[in-house]
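Visitor: I'll drop the sequence and a predicted model, then ask my questions.
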Protein chains: 2
Amino acid sequence: MIDQNQRRLQPIAFHAVQFKDTFWQPRIELVREQTIPFEYLQCKETGRIDALRLDWKPGQEPRPHIFWESDVAKWIEAASYSLALHPDSALDALLDQVIALLAGAQQPDGYLNVYFTVVDPVQRWTDLRDAHELYCAGHLIEAGVAHFASTGKRTLLEIVQRYADYISTIFGREPGQKRGYCGHEEIELALVKLYRTTGDEKYLRLSQYFIDERGQQPFYFEQEARERGTPGFFGGAFPERDAQLVAFRQYNQSHQPVREQSQVVGHAVRAMYLYCAMADLALELDDPLLVQACERLWQHLTTKRMYLTGGIGPSSANEGFTTDYDLPNETAYAETCASVGLVFWAQRMLHLDCDSRYADVLERTLYNGVLSGISLDGKKFFYVNPLASSGHAHRQEWFGCACCPPNIARLLSSLGQYMYSQGDAEVVVHLYASSEAQLQVGEHALTMRQQTQYPWDGAVRLDLELARPASFTLKLRIPDWCTDPVLRVNGTTVDITDSLERGYARIERTWQAGDSVELDLPMAVTRIHAHPSVEADAGCVALQRGPIIYCLEAVDNSVPLQQLQLPANQQLQPEFQQELLDGVVTLHGSALAPDLAAWENHLYRAGKPPMLETALTAIPYFAWDNRQPGAMHVWIHETQ
Amino acid sequence: MIDQNQRRLQPIAFHAVQFKDTFWQPRIELVREQTIPFEYLQCKETGRIDALRLDWKPGQEPRPHIFWESDVAKWIEAASYSLALHPDSALDALLDQVIALLAGAQQPDGYLNVYFTVVDPVQRWTDLRDAHELYCAGHLIEAGVAHFASTGKRTLLEIVQRYADYISTIFGREPGQKRGYCGHEEIELALVKLYRTTGDEKYLRLSQYFIDERGQQPFYFEQEARERGTPGFFGGAFPERDAQLVAFRQYNQSHQPVREQSQVVGHAVRAMYLYCAMADLALELDDPLLVQACERLWQHLTTKRMYLTGGIGPSSANEGFTTDYDLPNETAYAETCASVGLVFWAQRMLHLDCDSRYADVLERTLYNGVLSGISLDGKKFFYVNPLASSGHAHRQEWFGCACCPPNIARLLSSLGQYMYSQGDAEVVVHLYASSEAQLQVGEHALTMRQQTQYPWDGAVRLDLELARPASFTLKLRIPDWCTDPVLRVNGTTVDITDSLERGYARIERTWQAGDSVELDLPMAVTRIHAHPSVEADAGCVALQRGPIIYCLEAVDNSVPLQQLQLPANQQLQPEFQQELLDGVVTLHGSALAPDLAAWENHLYRAGKPPMLETALTAIPYFAWDNRQPGAMHVWIHETQ
Ligand SMILES: [Zn+2]
Ligand SMILES: [Zn+2]
């Protein structure tokens, strides 16, 4: 593996950045004040916490579910991050309590899963395809790493190390070990985190084993099913599985060895977590085949199978991918977790190859497909994120399968890590937001202050503070949506074209305290068209300004949305509305609507139908469904 | 009831017209030479004919099905019409054989249904909702009437009279009778035909009973199910039925008394057959409430729920209607039988009220939604008629439920009746085709010759031949698709606007042998838009020329059809191609297609996408899927 000190570029710690803006900072606060307590309450009320006492008896309701540890673990992870940003002794104590319950639930051999301890112990490790044991273990490991990073306490870290140690005895290629891997990827990326935190290579090797083994023949899940002789935990719900073996192999990305995969297929969240681990291992093992597989899969996803919002996985049937360009709007699945996973993967790709196309997708997904998943009050969530609605899609407080709410919480509570990367002689700015960051360039500590009204205005000022002058490269991402950026260093304009490197403006100089960089990223209202093969968007246009994708909501528009036509030459005016939706830039202009009087008693008409002018108002997509219920469309019919 | 001699306007006999054109005449020949023998073969091979021997034994395959008589009956009906147009002693003898089998299958009490005689006799009349007994009886009655009208033989007519006599003892409001009616309407219109043929009012009264009783409370089908105590013939297939009582009442139009109905709902074929009987009874009984109900339902169907092709019933779930403006193209059900039924209903509406809007829909449906149901070789059929296909919809030779093929055959074999109506002092021309017709105006016999290249050219010449001069009104339909008709009588132009009456140009004069009328109906290539509430067609245009709706087929167009954009100002040129698809007018012009080179590695793009010019060829919709398989679109994206 690569010596970590030799790495050119590393992510920064999530707590290295303090947001001071009006966009993310209030949302992080909201997650702290509302979402995290609310999600704990949900875990408590649904029995997820008390189940850890292992006192369930047959017949008792609720019966512990195989997923439950993952929800608790993601809550611990989110709560830990939050604690690091904002000391809170009550939350600290609550975490300790829950961790004590986890300690009590851990078996003498290190195993930790309530369902397979008290409900169905004989089935332990018999249904890796469906039973999510290693998936839950992965989330516990991530929680242990996050709790340690946030509090310095080793309580949970030691529990998950014991669990991982035990797992490493069960799985592998030695005689008596199971040659299996999990049907829902997650533990692979968690083990890399555990390795990075503990330095224990055993965890990296176990992750590598899971990744290397996946998709090898004979197919483990099919052998396992034959040996078990029963349909397994969810098998009964999919009687067609045997008839569709290839699709079901693809469902959990076990159809091919991962280094041979070139198409994003199957369950979208599983795919993202797998690709994260592949990128982690590509870096740690310096494995060019893994790098190439990641690049192929990235290219396939982002040029054939991604919604404009960064939503991914169009189909509810498999919670995942279908065919190229199949991106229906109203029936889009686009699970919130899948977009969260895409942010995770994008960050990892950036550290394999500092190319702005990864950060562009990261930003797109964060501001749109992820953020739509949570309501403005922080207490309601979308599991699926359609790009059109006839008015019946609404966020809910919780879900039986509650993966999404804590996934947003852990992402927003650790958002700082996505803003910068740092290396021995460079600092890279990926995202823009008013904030203060503590960075390290080689031996130089550096404070970076950003001032901007991003995402509503693209003027960004960065002020650097250093103890003493230092030579390093500052790279600033020029977003894909910006066509005419202007860069000034200490007031002097710098030619961006000359300095552009893989989408980043590059400034090499000796920096000293008081240096400032101004980057103007003019935010024009842009019309976006989809690839001609995307049938769902044919003849339609979407509106984007800066990183924000817009939508029409019925509450703002008097004409049924599918009847609106936006003339190609119609200018749209942005307007910041402080009082609306916690403060957003809306877009306004004139559109055409059919003159319905001309259609009375006609279902079909010859010739050009008469149109009337009407006002059009668009709001940021992420903010929809926060007012009165009604239709929503991202894609709008365009007329020339 | 109204004295039939007092009727102002009557349909003509199907054999009063001899087609001499190159469009219908070859098709009628094809039905005679190919379709009718082929359909007999299918009936024979699938066991439908031999089942009439009543020698089925338990365990034997195939087991007679409750529908089977209806297929045989529609074949008899088609074969009878054909026989009248073209003497054929072999066919005549074959019909006699099949009728002899039916005679042998008839029970002593008059009952005639193989399934409920040999398979499950105790269930006779216990499942009117699903078991189709009265529906099959209705088709047998229509067959008997047709066989008598075509051959003068009373063999089948007497069988069906005995059956109808028996039915009239079973159903009604007298003590001991069943207060039921059929779940699949059909017998109601058949009984009116039987009344008109025999003059026996009992049959009209029985039809009136079925119509009056339908939808009365308590709901018969629900009572029947309770009394039977089993799910019924198809009940097990719809376990949700009890939870969706209203939808299932609407499914067979028994949700309301028919005179109160104002929305076309439920199974489309059932609805059409019901509305036919309602229109028949409206006329026979001079019942204004039935007239008004028919008009309301017609208005609702044709302004909210009809495809451009005259296809109706968008959903496969109920083989029928859904909600207003819900007209999806690729998933359109639009059963061939439903369009056939719409032609039947339109003709009846014309005789309640001679308004061209009925004939316009009749013509639209005949040339498009009906005709698409049969292949050019007469041996393959569409059951569902989508308006778009990605290439997987193809006509088949036969269907387990084989209602559609013989329904087309009986319509085409009796097509002449739709061309004219006649009254005491008027002749009305509804349709145009080269042909010779024997008409009767009051006491005057009249030969009407049409010469035209319709539907490919709108110039029509009519020559009248009479024994002696006669004063009457000749009415000529001015189709809704024609904006600038020209009318000449004996070479002198007549102002159409002045003479227009409910869509017909009206010429009152004393006609004599050698008089000629020329009607020019210029066929411009017309662009059709759908009502703005039809989401499926938003931003799209369809092409029509004369009565023909066009479509694009992949075989003629090099660009994927959904990527084509037709500029609003692009002229399209018609061209008659003798060698193509048995001779059709195709449309040609220039369209735009995306420059895919500009999209390489892009899924989304800002700004107006570059387009390239490409050739576009459209063919008549009815003729699609007669060459190599591929995509098809009726609705084309339009750009301004
Ligand atoms: Zn989720
Ligand atoms: Zn049919």
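Guide: Done, it's in. The structure displayed is predicted, hence computed values, not measured ones. Ligands and ions are numbered 1, 2, ... in the order given.
Visitor: now do the helices in the stretch 1-150 of chain A.
Guide: Secondary structure of the stretch 1-150 of chain A (DSSP state H, counting those that start in this stretch): helices located at A:24-30, A:36-45, A:68-85, A:89-105, A:133-151.
Visitor: need the residues of the stretch 151-300 of chain A near chain B, please.
Guide: A:Gln299 (C-beta under 8 Å from any C-beta of the partner chain). For glycine as for every other residue, the C-beta is placed from the backbone atoms N, C-alpha and C.
Visitor: sketch out the low-pLDDT regions of the stretch 151-300 of chain A for me.
Guide: A:235-243 (pLDDT under 70).
Visitor: break chain A down into its domains, please.
Guide: What automatic domain parsing lists as the domains of chain A is A:4-418, A:420-520, A:525-639.
Visitor: just the C-alpha atoms of the helix or strand hosting A:Pro574, please, in CSV.
Guide: Assigned by DSSP states H and E, A:Pro574 belongs to strand A:573-577. Extracted in CSV, the C-alpha atoms of strand A:573-577 (Å, rounded to 0.1, in the frame of the first residue of the first chain):
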residue,chain,number,x,y,z
GLN,A,573,-34.8,37.3,-14.0
PRO,A,574,-33.3,36.1,-10.7
GLU,A,575,-34.6,37.6,-7.5
PHE,A,576,-33.4,36.9,-4.0
GLN,A,577,-36.4,36.6,-1.7
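Visitor: what's the angle from the next helix or strand after that strand to strand A:573-577?
Guide: The element immediately downstream of strand A:573-577 (helix or strand, assigned by DSSP H and E) is strand A:584-594. If you take axes from the mean of the first three to the mean of the last three C-alpha atoms, to 10 degrees, strand A:584-594 sits at 130 degrees to strand A:573-577.
Visitor: mean confidence score for the following helix or strand past strand A:584-594?
Guide: Downstream of strand A:584-594, the first helix or strand assigned by DSSP H and E is strand A:604-606. If you average the pLDDT over strand A:604-606, you get 95.
Visitor: what do you get for stretch A:353-367?
Guide: 97.
Visitor: which residues does that stretch contact?
Guide: Residues from elsewhere that reach stretch A:353-367 (C-beta atoms under 8 Å, 6 or more residues apart in numbering or on different chains): A:9, A:291, A:295, A:298, A:302, A:306, A:308-310, A:339, A:342-343, A:346-347, A:349-350, A:418, A:421, A:428, A:430-431, A:455, A:475, A:477-481, A:502-504, A:547-549, A:622.
Visitor: which is the next helix or strand following the worst-scoring helix or strand of chain A on mean pLDDT?
Guide: In chain A, the helix or strand scored least confidently by mean pLDDT, DSSP states H and E is helix A:245-251, which has a mean of 88. Along the chain past helix A:245-251, the next helix or strand (assigned with DSSP H and E) turns out to be helix A:268-284.
Visitor: got the residues of the stretch 301-450 of chain A near ligand 1?
Guide: Applying C-beta under 5 Å from the ion, we find that the stretch 301-450 of chain A lies next to ligand 1 at A:Glu335, A:Cys337, A:Cys403, A:Cys404.
Visitor: give me the buried positions along stretch A:162-169.
Guide: A:Arg162, A:Tyr163, A:Ala164, A:Tyr166, A:Ile167, A:Ser168 (16 or more other C-beta atoms under 10 Å in any protein chain shown).
Visitor: what's the burial count for the residue lying closest to the last one once chain neighbours are set aside?
Guide: Closest residue to A:Ser168 in three dimensions, ignoring its sequence neighbours and counting by C-beta to C-beta, 6 or more residues apart in numbering or on different chains: A:Leu206, at 4.8 Å. As a burial measure, A:Leu206 scores 24 neighbours (other C-beta atoms under 10 Å in any protein chain shown).
Visitor: and the host helix or strand of A:Leu616, what does it pack onto?
Guide: Here A:Leu616, judged by DSSP H and E, is contained in strand A:611-620. Applying 3 or more C-beta pairs under 8 Å, 6 or more residues apart in numbering or on different chains; DSSP states H and E, one finds that strand A:611-620 contacts strand A:548-553, strand A:584-594.
Visitor: would you turn the ones you listed into CSV with mean pLDDT and distance to chain B?
Guide: What follows is those, written out as CSV (pLDDT from 0 to 100; distance: least, C-beta to the nearest C-beta, whole Å):
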stretch, mean pLDDT, distance to chain B
strand A:548-553, 98, 10
strand A:584-594, 97, 4
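Visitor: quick one: closest of the ones you listed to ligand 1.
Guide: Each of the helices and strands packed on strand A:611-620 has some distance to ligand 1 by C-beta to the ion; the shortest is strand A:548-553, at 20.5 Å.
Visitor: quick check, A:Ala190 in a helix?
Guide: Yes - counting by DSSP: H, G, I helix; E, B strand; the rest coil, A:Ala190 falls inside a helix.
Visitor: enumerate every residue touching it.
Guide: A:Ala137, A:Gly138, A:His139, A:Ile141, A:Glu142, A:Val145.
Visitor: using JSON lines, lay out those residues together with neighbour count and pLDDT.
Guide: Compiled in JSON lines, those are given as follows (neighbours: other C-beta atoms under 10 Å in any protein chain shown; pLDDT from 0 to 100):
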{"residue": "A:Ala137", "neighbour count": "26", "pLDDT": "98"}
{"residue": "A:Gly138", "neighbour count": "32", "pLDDT": "98"}
{"residue": "A:His139", "neighbour count": "28", "pLDDT": "98"}
{"residue": "A:Ile141", "neighbour count": "29", "pLDDT": "98"}
{"residue": "A:Glu142", "neighbour count": "25", "pLDDT": "98"}
{"residue": "A:Val145", "neighbour count": "24", "pLDDT": "98"}
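Visitor: of those residues, closest to ligand 1?
Guide: A:His139 (12.2 Å).
Visitor: my guess is that closest one meets A:Lys74, correct?
Guide: Yes - in terms of C-beta atoms under 8 Å, A:His139 counts as a neighbour of A:Lys74; the distance is 5.8 Å.
Visitor: what do those two both touch?
Guide: Shared contacts of A:His139 and A:Lys74, defined by C-beta under 8 Å, 6+ apart, are absent.
Visitor: following the helix or strand containing A:Leu350, which helix or strand comes up?
Guide: Applying DSSP H and E as the criterion places A:Leu350 in helix A:336-352. Counting by DSSP H and E, the element after helix A:336-352 in chain order, helix or strand, is helix A:356-364.
Visitor: show me what the helix or strand following that following helix is packed against.
Guide: Per DSSP H and E, the first helix or strand lying C-terminal to helix A:356-364 is strand A:388-389. If you count contacts as 3+ C-beta pairs under 8 Å, 6+ apart, strand A:388-389 packs onto strand A:632-633.
Visitor: alright, that wraps it up for me.
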